[in-house]
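Participant: Have a look at this prediction, sequence included:
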Amino acid sequence: MSLTDLLRMSIGNLKRRKLRTFLTVLGVIIGTASIVVMISLGLGLQESMYKELENSGGLTMLTVTGQGAGESMFYYSDSDEEESTKYITDETIQDFEGIEHVSLAAPVYSMSAYALKGRYMCYLNIEATTPEALAAQNIPIKEGGSLPQSGGNKLEFVYGNGIIQQFYDKNTNEGYWESGELPDIDMEKDTLFLILDTESYDQARYGYVDENGNAGQPRAAKKTLVKASGVVEGDPDTYTPFYYSAYCDITTLKSLLRKEFTGRVIPGQPSTKTGKPYNFFAYSSAKVKVDDLDNVEEVSQVLRGMGYNVQSNVEFLESMQRELVVVEAVLGGIGAVSLLVAAIGIANTMMMSIYERTKEIGVFKVLGCRLKNIRQMFLMEAGFIGLLGGIIGNILSFLLSATINFLFAETGSSMGLSSGISYIPLWLIALSIGFAVLVGMMAGYFPALRAMRLSPLEAIRNQ
Amino acid sequence: MPVENVIEVHNLYKLYRVGDSIVRALNGVSFEIHQGEFCAIVGTSGSGKSTLLNMLAGLEKPTKGEIIVGGSHIESLNEDQLVSFRRNNVGFIFQSFHLIGTMNAVENVALPLSFRGEKRSSRMRKADKMLDLVNLKKHKKHLPNQMSGGQQQRVGVARALVMDPKIIFADEPTGNLDSHTSEEVMHLMQDVVRKHNKTLVMVTHDEHLASYADRVFHIIDGEIVRVEEKRQKEEEKEQIHEKI
Ligand SMILES: Nc1ncnc2c1ncn2[C@@H]1O[C@H](COP(=O)(O)OP(=O)(O)O)[C@@H](O)[C@H]1O
Ligand SMILES: [Mg+2]
């Protein structure tokens, strides 16, 4: 029998019992949809993690740390890495730039300072780096804003979209978390006071006690006027990779620090045994951009050889992928169970269909239908149920996925999932449909064999 | 002119085990059927007629004995070979018609041709011609349940003929029809096999219907007890008529 004849016959038989076919297909639809939706959740997780990686410099950006300097609220270090004894200075940055395959090397300085506005203040986490490195971070800035200017003596910030939540009332000490109200500050337009010498400021607020226990006159902390060059795109409630920090130009910050702490050691900077500052400035870390993913390992080795600690996202990515595989397997497994149930449904339907058609199959055999053709006919029927269920199941998955993404758009973004929590790529569609067909044919295999082995005499016997 | 034997049966036995006892459905049967002959196998119910026919058509294996159809031994063929043997040599007419309920008359007739891999257009054309031949011009698009028994059996006859088989087997082809319709179908079959020089082997319990055949095998308890030559008698009759 030709393929088209077999197909016509199989489809004709499915049409004959529309309700039963529909119910069986429904099982496959549910099975396929649950597999696809489950895996799509895993993939959505993966996708948003990748996006976040991309935002934090992708896989070719290395973070190089030496001996700690500045004050950072983040401290990355693997336990198996020993503390480096070398500082990252301008000289070091130049050395880094000289390494082969390095396309950009920039110092990063992290520190904290107070920001004041009227009765509000906050503890501002400052991330300073070069304009090139700032540009390379692809910080999404709200329309109208730009990256901070470099070269002038005015310090400008790009504020993270969550910073406004960190302001609290100076007098009551109540912040957003207590009052539930955002402070009346326009981060984009308002001028803030920045206090770099937080120690002196605190002493002025809470009273100053010198080494001998006597109250005295504290040093007056300078207030620097700062403006925003821009604010990170996003609501205060929406988590972004640039949520907490304020970004500024490192040269401007350095000169401000030098002015503020003339003759003293800048907090966080190394000092000699006698408490005098060194004549170099130690950075918190350096960003090193490698020209190609293939060279990341090589450059990392060189940097490590120079006595620095290197973190790249590659290791993070690898461990993340291992975890994601497990998550996807578990989610897919849950879906697979429902497809298994659907497979039992297909097998049952095929068996019923064969009982009903015992006579017909017998007649086919008497009239000389090849055994192989009979088997194929039933396999095709089962496969077709799988195909139909697979296709409709995928359509359903798309609807479900869109609904999930719509319903959880808020929750998802605050969980840090930037691209929706369900994501269905093309290969998943193809794979799931193929799988549904395969499951259908496997479920139909034994019924088909049974049909093939039916005795033709069944047809001739009357009754 | 030497007569060609389409079917030769030697010493055929078929034993069924039913519980502890053994039923001898066929008990040593031997005969030949010639090319172009219309043979009837007549006997009471349970005499072994169907068993014999099924074995000739390769639907059942004999316990012992030889069946030679068209020169080849079919008792030694495996199932695949038997199916292909039927596909290429045998047409079958059933007592309860066994048309496919979802197919109309033409499609039913065309069905066996699709097993041979014939193109749809050519098989529909052949099926159409066959239905003309069995006088079913008006019912070509009818489904089986839209036709009378007689009409359904005509479709059955057309389906057996469309394969252009060497031999047609028919097991009680009029068993489900009233006597008038039975006569019509018998006439049709007699006509068709004579015109197209086909070999037809028919099983019936009805002596009268058997008289349409050229030769009648009488079977009792699995043994052929008598063979009647009808055609010769008819020819003799005709000769007598001519003489008168
Ligand atoms: N599959 C079978 N199992 C056991 N006995 C059978 C079977 N088929 C036929 N028989 C027996 O063989 C004998 C002949 O049956 P059958 O050829 O059907 O008779 P007929 O067609 O002449 O009425 C009967 O006694 C019947 O009971
Ligand atoms: Mg019988």
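Facilitator: All right, it came through fine. Ligands and ions are numbered 1, 2, ... in the order given.

Participant: Okay, and A:Ala436 sits in which element?
Facilitator: In this structure, A:Ala436 sits in helix A:426-453 according to DSSP states H and E.

Participant: Find the closest residue to chain A in chain B.
Facilitator: Chain A sits closest to B:Arg87 of chain B, with a gap of 2.7 Å, by Cβ to the nearest Cβ. For the C-beta atoms, the positions are set from N, CA and C on the backbone; glycine is no exception.

Participant: Tell me if I'm right that that residue and B:Gly117 touch.
Facilitator: No: B:Arg87 is not in contact with B:Gly117 according to Cβ atoms under 8 Å; the separation is 10.0 Å.

Participant: Between those two, which has more neighbouring residues?
Facilitator: B:Arg87 (17 against 12; other Cβ atoms under 10 Å in any protein chain shown).

Participant: Surely the more buried one forms part of a strand?
Facilitator: No: counting by DSSP: H, G, I helix; E, B strand; the rest coil, one finds B:Arg87 to be helix, located in no strand.

Participant: In space, what's closest to it - neighbours in sequence excluded?
Facilitator: A:Gly368 (2.7 Å; Cβ to Cβ, 6 or more residues apart in numbering or on different chains).

Participant: Let me know the distance separating that neighbour from A:Ile395.
Facilitator: Per Cβ to Cβ, to the nearest Å, A:Gly368 is found 41 Å from A:Ile395.

Participant: More neighbours: the two, which one.
Facilitator: A:Gly368 (23 against 14).

Participant: In three-state terms, label the more buried one for me.
Facilitator: Taking three-state DSSP, the label given to A:Gly368 is coil.

Participant: Return the distance of it relative to A:Leu6.
Facilitator: A:Gly368 is 15 Å from A:Leu6, by Cβ to Cβ.

Participant: same deal with B:Arg120?
Facilitator: Separation of B:Arg120 from A:Leu6 (Cβ to Cβ): 12 Å.

Participant: Mind jotting down where the strands sit in chain B?
Facilitator: B:5-18, B:21-34, B:38-42, B:64-69, B:72-73, B:90-93, B:167-171, B:199-204, B:215-220, B:223-229 (DSSP state E).

Participant: do the stretch 51-200 of chain A as well
Facilitator: A:61-65, A:102-117, A:120-129, A:156-159, A:168-169, A:192-195 (DSSP state E, counting those that start in this stretch).

Participant: hang on, the earlier thing: can you list the strands of chain B in TSV and add mean neighbour count and distance to chain A?
Facilitator: Compiled in TSV, the strands of chain B are given as follows (neighbours: other Cβ atoms under 10 Å in any protein chain shown; distance: least, Cβ to the nearest Cβ, whole Å):
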stretch	mean neighbour count	distance to chain A
strand B:5-18	16	12
strand B:21-34	16	13
strand B:38-42	24	15
strand B:64-69	18	14
strand B:72-73	12	16
strand B:90-93	26	5
strand B:167-171	24	6
strand B:199-204	26	11
strand B:215-220	20	17
strand B:223-229	14	21
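
Participant: In contact with the closest residue in space to A:Thr272 that isn't next to it in sequence, which residues?
Facilitator: Take A:Thr272 and drop its neighbours on the chain: the residue closest to it by Cβ to Cβ, 6+ apart is A:Tyr278, 6.7 Å away. Neighbouring residues of A:Tyr278 by Cβ atoms under 8 Å, 6 or more residues apart in numbering or on different chains: A:Gln269, A:Pro270, A:Ser271, A:Thr272.

Participant: Repeat that for A:Ser312.
Facilitator: Per Cβ under 8 Å, 6+ apart, neighbours of A:Ser312: A:Leu59, A:Met61, A:Leu62, A:Thr63, A:Val296, A:Ser300.

Participant: what is the orientation angle of the helix ranked longest in chain B with strand B:167-171?
Facilitator: Counting residues, the longest helix found in chain B (DSSP state H) is helix B:179-196. For the pair helix B:179-196 and strand B:167-171, the angle between their directions (axes from the mean of the first three to the mean of the last three Cα atoms, to 10 degrees) equals 170 degrees.

Participant: Which parts of helix B:179-196 count as buried, going by neighbours?
Facilitator: B:Thr181, B:Ser182, B:Val185, B:Met186, B:Leu188, B:Met189, B:Gln190, B:Val192, B:Val193 (16 or more other Cβ atoms under 10 Å in any protein chain shown).

Participant: Which residue ranges of the stretch 1-150 of chain A form helices?
Facilitator: For the stretch 1-150 of chain A, applying DSSP state H, counting those that start in this stretch gives helices covering A:3-16, A:18-55, A:90-98, A:131-136.

Participant: try the stretch 201-350 of chain A
Facilitator: With DSSP H, counting those that start in this stretch as the criterion, the stretch 201-350 of chain A has helices spanning A:250-260, A:296-305, A:313-356.

Participant: Could you say which one of those comes nearest to chain B?
Facilitator: Per Cβ to the nearest Cβ, nearest to chain B of the helices of the stretch 201-350 of chain A: helix A:313-356, 10.5 Å.

Participant: and the closest one, anywhere near chain B?
Facilitator: No: using Cβ under 8 Å from any Cβ of the partner chain, helix A:313-356 stays clear of chain B, with a minimum separation of 10.5 Å.

Participant: A:Thr262 - how many residues pack around it?
Facilitator: 8.

Participant: any idea how far A:Asp202 is from it?
Facilitator: 20 Å.

Participant: Same question for B:Lys64.
Facilitator: If you go by Cβ to Cβ, the gap between B:Lys64 and A:Asp202 works out to 114 Å.

Participant: Next: A:Met121.
Facilitator: 11 Å.

Participant: So for the two, which residue has more residues nearby?
Facilitator: A:Met121 (23 against 15).

Participant: ok, now which ones touch the more buried one?
Facilitator: A:Met121 sits in contact with A:Tyr114, A:Ala115, A:Phe167, A:Tyr168, A:Lys170, where contact means Cβ under 8 Å, 6+ apart.

Participant: Please identify the residue of chain A positioned nearest to ligand 1.
Facilitator: Closest contact between chain A and ligand 1, by Cβ to the nearest ligand atom, is at A:Leu457 (7.5 Å).

Participant: I'd assumed B:Gly58 was in contact with that residue.
Facilitator: No: contact criterion Cβ under 8 Å: A:Leu457 and B:Gly58 do not qualify, at 11.3 Å.

Participant: ok, these two, which is more surrounded?
Facilitator: B:Gly58 (24 against 14).

Participant: any residues touching stretch A:440-449, and which ones?
Facilitator: So stretch A:440-449 is contacted by A:28, A:343-347, A:350-351, A:353-354, A:374-379, A:381-387, A:389 (Cβ under 8 Å, 6+ apart).

Participant: Measure how buried A:Lys222 is and give me the count.
Facilitator: 16.

Participant: In JSON lines: the strands of the stretch 51-200 of chain A, plus distance to B:Glu223.
Facilitator: JSON lines is the format used below for these (distance: least, Cβ to Cβ, whole Å):
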{"stretch": "strand A:61-65", "distance to B:Glu223": "98"}
{"stretch": "strand A:102-117", "distance to B:Glu223": "102"}
{"stretch": "strand A:120-129", "distance to B:Glu223": "108"}
{"stretch": "strand A:156-159", "distance to B:Glu223": "108"}
{"stretch": "strand A:168-169", "distance to B:Glu223": "113"}
{"stretch": "strand A:192-195", "distance to B:Glu223": "118"}
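
Participant: how close does the closest residue to A:Met351 other than its chain neighbours sit to chain B?
Facilitator: Distances taken as Cβ to Cβ, 6+ apart place A:Pro447 nearest to A:Met351, at 5.1 Å, with adjacent residues excluded. Shown here: A:Pro447 relative to chain B, a distance of 19 Å by Cβ to the nearest Cβ, to the nearest Å.

Participant: residue ranges with poor pLDDT in the stretch 151-300 of chain A?
Facilitator: Within the stretch 151-300 of chain A, the stretches with pLDDT under 70 are A:208-218.
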